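Participant: Got a predicted model here, sequence first, then my questions.
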Amino acid sequence: MTALLDFVAELPLIDHHCHGVVPRDVDRDGFERMLTEADTVSPLGVSLFDSLIGLAVRARCAPVLDLPKHATAEDYLTRRGELGADEVNRRFLRGTGTTDFLLDGGFLAASLTTTAEFAQLSGARAHDVVRLEQVAEDVVRAGTTAAGFAADFDAELTSRANGAVGVKSIAAYRVGLELSGARPAPVEVSDAAGRWLARVDAGEPVRLADEVLHRHLVWAGIDRGLPVQFHVGYGDSDVDLHRCDPLLLTGLLRATRASGVPILLLHNYPFHRGAAYLAQVFEHVFADVGLITHNAGSRAPAILAEMLELAPFGKLLFSTDAFGLAELHHLGTALFRKGLSDFLRAALTADELSEVDAIRLARLAGYENAARIYRLEPR
Amino acid sequence: MTALLDFVAELPLIDHHCHGVVPRDVDRDGFERMLTEADTVSPLGVSLFDSLIGLAVRARCAPVLDLPKHATAEDYLTRRGELGADEVNRRFLRGTGTTDFLLDGGFLAASLTTTAEFAQLSGARAHDVVRLEQVAEDVVRAGTTAAGFAADFDAELTSRANGAVGVKSIAAYRVGLELSGARPAPVEVSDAAGRWLARVDAGEPVRLADEVLHRHLVWAGIDRGLPVQFHVGYGDSDVDLHRCDPLLLTGLLRATRASGVPILLLHNYPFHRGAAYLAQVFEHVFADVGLITHNAGSRAPAILAEMLELAPFGKLLFSTDAFGLAELHHLGTALFRKGLSDFLRAALTADELSEVDAIRLARLAGYENAARIYRLEPR
Amino acid sequence: MTALLDFVAELPLIDHHCHGVVPRDVDRDGFERMLTEADTVSPLGVSLFDSLIGLAVRARCAPVLDLPKHATAEDYLTRRGELGADEVNRRFLRGTGTTDFLLDGGFLAASLTTTAEFAQLSGARAHDVVRLEQVAEDVVRAGTTAAGFAADFDAELTSRANGAVGVKSIAAYRVGLELSGARPAPVEVSDAAGRWLARVDAGEPVRLADEVLHRHLVWAGIDRGLPVQFHVGYGDSDVDLHRCDPLLLTGLLRATRASGVPILLLHNYPFHRGAAYLAQVFEHVFADVGLITHNAGSRAPAILAEMLELAPFGKLLFSTDAFGLAELHHLGTALFRKGLSDFLRAALTADELSEVDAIRLARLAGYENAARIYRLEPR
């Protein structure tokens, strides 16, 4: 593998969207299930190690565990078990060169490290991002009414957002991204809450999936001036990917631009060129290629290059969206560095930019944009 | 052109979706019309030889007919005529290194070789894939009733599927791919059949284009445990390409995953990244980049690389979707080898995988996946 | 930067779609606002110079103004002011090697050079393309009736199309591209005109946004045998990009193919692969990658390569869609040459085409296709 440009290798990073790690040992099946967005492992499709992410684990993670490059999956998992989850997590997280992790703790939190544990493991700062839908669902679980939902949600969000640096919407997973640009009127919110509560009373699980309510939650984040992250594009089999094109958010982006509150489009693949367009034309929109970066392994640099066709460097963010396995934090970071280094090296070689600019642009994407948007204190 | 990696050059291949060849000589107009997905040749757009596929014919096919590389189109077609269709077909098909061809004989069969003729010409095994819509249309032509359609179709499919290795849906060409995930109830099928028969009685051509019936046909394949191929994406001007995004199949894929029956997404361009996503997250979904491989000529490797961002190697299949001209079988195969070789060579050079792995992954994509899914006997 | 192939460096070009330049000096804010499709400059996203187009200006335009490569934005704009708009415009336009510019004068015409001024500045021929919606809006402003609209529009178009080489539809910006294939009946046109006039009477701005009327305008161009340009894909924040996929035009393209009148799909990004498909399968459809070419800077060659996967060379056109800043005419042209040269050089190096072919194909894309379609007199 080509060596990184020095200034990219040493670039401090802010991972503006990721999750905790599993603090316990995992077996092969569990490892493979967390390796990609596939739910299950099936002999029909052979091992998930036989994909670019699996090859990347064996090429890039094995040496961190003292194994030769390209160690077999069996040897890798055996060694992982010998070292134990704590040592494995520590090695991978501390090797990322990340100064700040922004953690979405809203998915399967019980099986993952807490924010404090993650900070301790990684030796870095860890910040909370509040998943809006989880707040709403907890409010319903705690007991509310159609008329009282908005106030109860507001109070709960205020409580949880204390100390948090941003909020996140997973509307993409529930109703898709074709959200109207209009702020819902109070009566629309209470009506929608009433319909939801009726479904819950009828025995359905407490699962928010209502365009009006997702939209209400987003505006709640906007009104607090908190940066709003959106899951966009690539995810697991639970997502209807064709309803998760970021361009579907165009109306909402028009409606929120006057607020000046940053909107962060996460992942975006395979719609990342559309996300880059939005980041160019809307002054409050930012985008990343998290999640796909580690999944695409050696192809990650090609995807980042596509994103950069339209995305200004002042609008590009770094995230891993790693979940569960610290290998993913490691890979997402290493491959982002690789992509950034490859891109800048090619441009330097072709004399399309100066080294001074290359260093400055790397800093924007690596940490300056995130620090500015999330108002993180200098470390 | 860069030499292929030895193990890719010698890789036996299973072409899991293609068509027969024209056993007669063709003139320039006929050749150009079969060369791409364009219906006609027009002076407005100059010759179709002036595209990547035309350049590929002149660069890669001319030497097979004893001409220098880059022979003119005129010289090429003259030489083709001299040798005669039989010799030309034999040379191209036998040079592919393909051990098994899976033939969809459901389109313009009268103008093409039969499966037996194709096996003889190619010196390889040839298997049948049954086009579901053709069976249904033949049932209607033979005479049926609304109430009797399902049973008549079932009987006819049983007869034709005997010895076949899979079935194929061309719903994409008729109603698009937004098929519901629900298995149609018998009354829905008989109602839809009734509406179709009424249209035929009113003088319309016997052409199936009904979401309920296409879906019924797919489930008939699933129920037999036969792998179901779907035309997806790129095709001729008869297709509404924006309705052929494989992501539109998400609901049907969720509904059929418990069956364990393989679903094969064919072609997929320009939606191949979406197809790769589906192949990653659904354990029964497989995908290829047939048809575009020969059409894109020297760009085929770039497209295969995009597919590999998410598609596990255990889920990638090889097909040409060649139709009519044996040049297309030749090019589709040569360019697939080129793409696979370029991809693996770059990864080997960058030490991103080992040679042992590279060989193993090539075998998966080249023939092992297809042999496993279609349960082909070892040759 | 790699030197261009000689025959590409010297290729005369026809820029089949661009706009005039601002004949006055612009300040930094004004420059940045015209640099990309962003409406405004915001400290939230740092400078728009920090994107590939900004780097391209500093790398490729600075030397034209006697500055070193990678001059800072400040130095660049200072020097630009010193030279004055007239000298700057002259240098950039005369350096393009373009023999003919086709100008869409229908957007913010008052702030730009006229066609005659542009011809004088550039030392080249300049031709008019008539923006259909502007004609219709001027007809309404001048006063018309529901019943009289069609005839009034027809008369006005006849007058303005005198001497023009083509017409242009901006339906994409107003209602998206999902236009029906049917030619509107006279009563549909008068009804739609009546609804529009009623809105105008009610105080709404004179802004055409009616699927029937956009379609009527397109057919008016077809009926005159004038090539019809369509804005497709990429544009500013006023566009709903997900409604501007060229594939949505499929029905209209089927309906108009018998006319033999060329349809020109402009820009197309990020849907350029779909546009290339349409250019392959419909004999009257042509496509370019204007606008994105200068915006994507060093990535422009990668985008052109994607377009060439399916677009025959006889169907590829060159345009810049430059607007306001002569730097954009310069960059769009230089980067098109770079993309064409890179593509052909790679194919020549790999022996995938002959030099004779490479020269011929470059001429098709550079000017022969445009000259043929727009029936331009040899210069």
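Facilitator: Perfect, I can see it now.
Participant: Indicate the residue of chain A located nearest to chain B.
Facilitator: Closest residue of chain A to chain B, C-beta to the nearest C-beta: A:V46 (3.0 Å). Where you see a C-beta, it was placed from the backbone N, CA and C, and this is true even at glycine.
Participant: and that residue, what does it touch?
Facilitator: Neighbouring residues of A:V46 by C-beta atoms under 8 Å, 6 or more residues apart in numbering or on different chains: B:312-314, B:364, B:369.
Participant: Go again with 6 Å.
Facilitator: Neighbouring residues of A:V46 by C-beta atoms under 6 Å, 6 or more residues apart in numbering or on different chains: B:G314.
Participant: Tell me how far it lies from C:F153.
Facilitator: 63 Å (C-beta to C-beta, to the nearest Å).
Participant: same thing with A:E283?
Facilitator: 38 Å.
Participant: Who has more neighbours out of these two?
Facilitator: C:F153 (23 against 20; other C-beta atoms under 10 Å in any protein chain shown).
Participant: got the phi/psi numbers for that one?
Facilitator: Per-residue torsions, C:F153: phi -60, psi -40 (degrees, to the nearest 10).
Participant: any idea which element the residue nearest to it when sequence neighbours are not counted lies in?
Facilitator: Leaving aside its chain neighbours, C:F153 sits nearest to C:V139 (5.1 Å; criterion: C-beta to C-beta, 6 or more residues apart in numbering or on different chains). Here C:V139, judged by DSSP states H and E, is contained in helix C:132-142.
Participant: likewise A:F101?
Facilitator: strand A:98-104.
Participant: So whatever residue of chain A ends up closest to chain C, which state does it fall into?
Facilitator: Going by C-beta to the nearest C-beta, chain C is nearest to A:G314 of chain A, at 3.0 Å. Following DSSP: H, G, I helix; E, B strand; the rest coil, we place A:G314 in the helix state.
Participant: What residues does the nearest residue to A:S237 once chain neighbours are set aside make contact with?
Facilitator: Leaving aside its chain neighbours, A:S237 sits nearest to B:V281 (4.1 Å; criterion: C-beta to C-beta, 6+ apart). The contact partners of B:V281, by C-beta under 6 Å, 6+ apart, come to A:37-38, A:236-237.
Participant: what about A:I359, how many residues close to it?
Facilitator: Counted with other C-beta under 10 Å, residues neighbouring A:I359 total 15.
Participant: Wait, it touches A:F7, no?
Facilitator: Yes - the pair A:I359 / A:F7 is scored as a contact, 4.9 Å apart, by C-beta atoms under 6 Å.
Participant: Pull out the buried residues from the worst-scoring helix or strand of chain A on mean pLDDT.
Facilitator: Across the helices and strands of chain A, mean pLDDT, DSSP states H and E gives its lowest value to helix A:28-35, namely a mean of 93. Buried residues in helix A:28-35, counting neighbours by 16 or more other C-beta atoms under 10 Å in any protein chain shown, are found at A:28, A:30-35.
Participant: filter those by proximity to chain B?
Facilitator: Among those, no residue sits close to chain B (C-beta under 6 Å from any C-beta of the partner chain).
Participant: Which of the residues you listed sits closest to A:A326?
Facilitator: If you rank the buried residues of helix A:28-35 by distance to A:A326 using C-beta to C-beta, A:M34 comes first, at 10.6 Å.
Participant: Report how many residues lie close to the nearest residue in space to that closest one that is not next to it in sequence.
Facilitator: Spatial nearest neighbour of A:M34, chain neighbours left out: A:G324 (4.3 Å); criterion: C-beta to C-beta, 6+ apart. With neighbours defined by other C-beta under 10 Å, the count for A:G324 comes to 22.
Participant: now do the one 3 residues further on
Facilitator: A:E327 has 27 neighbouring residues, counting by other C-beta under 10 Å.
Participant: and what of A:P270?
Facilitator: Counted with other C-beta under 10 Å, residues neighbouring A:P270 total 24.
Participant: got a list of what it touches?
Facilitator: B:R273.
Participant: Run through the residues of the stretch 151-300 of chain A sitting next to chain B.
Facilitator: Contact residues, the stretch 151-300 of chain A versus chain B (C-beta under 6 Å from any C-beta): A:236-237, A:240-242, A:270, A:296, A:298-299.
Participant: what inclination does the helix or strand hosting A:L93 have with respect to strand A:98-104?
Facilitator: In this assignment (DSSP H and E), A:L93 forms part of helix A:85-94. Inter-element angle recorded for helix A:85-94 and strand A:98-104: 120 degrees (by axes from the mean of the first three to the mean of the last three C-alpha atoms, to 10 degrees).
Participant: Would you mark the buried spots in helix A:85-94?
Facilitator: A:85, A:88-93.
Participant: ok so, going back, of the residues of the stretch 151-300 of chain A next to chain B, buried ones?
Facilitator: A:237, A:240-242, A:270, A:296, A:298-299.
Participant: Farthest-apart pair in the residues you listed, please.
Facilitator: Maximum distance among these (C-beta to C-beta): 28.8 Å, for A:D240 and A:S298.
Participant: ok so, going back, show the contacting residues for the residue nearest to C:F153.
Facilitator: Residues near C:V139 by C-beta under 6 Å, 6+ apart: C:152-153, C:156.
Participant: wait, which of the residues you listed is closest to chain A?
Facilitator: C:F153 (30.4 Å).
Participant: Give me the pLDDT for that closest one.
Facilitator: We have a pLDDT of 98 for C:F153.
Participant: what do you get for the one 4 residues further on?
Facilitator: You'll see C:L157 listed with a pLDDT of 98.
Participant: Which of the helices or strands spans it?
Facilitator: C:L157 is part of helix C:149-161 when elements are defined by DSSP H and E.
Participant: residues making contact with that helix?
Facilitator: C:130, C:135-136, C:139, C:144, C:189, C:193, C:220.
Participant: could you dump that helix to PDB, C-alpha only?
Facilitator: C-alpha atoms of helix C:149-161 as PDB (Å, rounded to 0.1, in the frame of the first residue of the first chain):
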ATOM      1  CA  PHE C 149     -51.800  32.200 -26.300                       C
ATOM      2  CA  ALA C 150     -50.900  29.400 -28.700                       C
ATOM      3  CA  ALA C 151     -51.000  31.700 -31.800                       C
ATOM      4  CA  ASP C 152     -49.300  34.600 -30.000                       C
ATOM      5  CA  PHE C 153     -46.500  32.300 -28.800                       C
ATOM      6  CA  ASP C 154     -46.200  30.900 -32.200                       C
ATOM      7  CA  ALA C 155     -45.800  34.300 -33.800                       C
ATOM      8  CA  GLU C 156     -43.300  35.400 -31.200                       C
ATOM      9  CA  LEU C 157     -41.200  32.200 -31.500                       C
ATOM     10  CA  THR C 158     -41.100  32.600 -35.200                       C
ATOM     11  CA  SER C 159     -39.800  36.100 -34.900                       C
ATOM     12  CA  ARG C 160     -37.100  35.200 -32.300                       C
ATOM     13  CA  ALA C 161     -36.100  31.900 -33.900                       C
END
